[in-house]
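Student: Let me see the structure of the following:
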Amino acid sequence: MADLKLVLEIVRDVNGANKQNGTTWAQWKLSEIAKYYKFPDPSTKFIISRAINTNGKSLDADIKKLEQLADEKLRFDEFLRGLTELSKKTGIVIRATEVDINDLANVQKIEYRNDYGSGDLEPIYE
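Tutor: A predicted model of the protein is given here:
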């Protein structure tokens, strides 16, 4: 979520400067923006670089993707809190190597195959 906040801050500031100075995204250099903002991860640098190369046209899609990722992280964190409490309550601990994060509408009728002997948890979608 920090990268979403940083991207939104940069977009706000650059758009403000563009409006004030009559400039466009295409006139910026990544090094000029990087001078004032620290890019903690490559995705922020990539998004700002794409915005410069597309004159800002890529921003809506990139911001939407960041918002989606932030939402998925919040839901995953909530899931982990609930799973932790469930494990403490039941004494059952899950070791998983794969997790799918779905839209909520896609999992409203989900069940899990009851295969106690194997210990596998396999989702069944209706």
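Student: what's the pLDDT at E9?
Tutor: Per-residue pLDDT puts E9 at 95.
Student: Please apply the same query to D103.
Tutor: Looking at D103, the pLDDT reads 85.
Student: What is the burial count for it?
Tutor: 10 (other Cβ atoms under 10 Å). For every residue, glycine as well, the C-beta is placed using N, CA and C.
Student: how about E111, phi and psi?
Tutor: Phi and psi for E111, reported as degrees, to the nearest 10, are phi -130, psi 170.
Student: Now do stretch 20-32: distance to the chain's middle.
Tutor: Taking Cα atoms, centre = their mean, to the nearest Å, the mean C-alpha location of stretch 20-32 is offset from the chain mean by 26 Å.
Student: measure that stretch end to end?
Tutor: End-to-end distance for stretch 20-32: 17 Å, by Cα to Cα, to the nearest Å.
Student: Now it: buried residues?
Tutor: By 16 or more other Cβ atoms under 10 Å, the buried positions in stretch 20-32 come out as W25, W28.
Student: Give me the contacts around that stretch.
Tutor: Residues from elsewhere that reach stretch 20-32 (Cβ atoms under 8 Å, 6 or more residues apart in numbering): V14, A17, N18, K45, I48, S49, A51, I52, N53, T54, N55, G56.
Student: Isn't the fourth one up against I33?
Tutor: Think K45. No: proximity of K45 to I33 does not meet the contact threshold set by Cβ atoms under 8 Å, at 9.3 Å.
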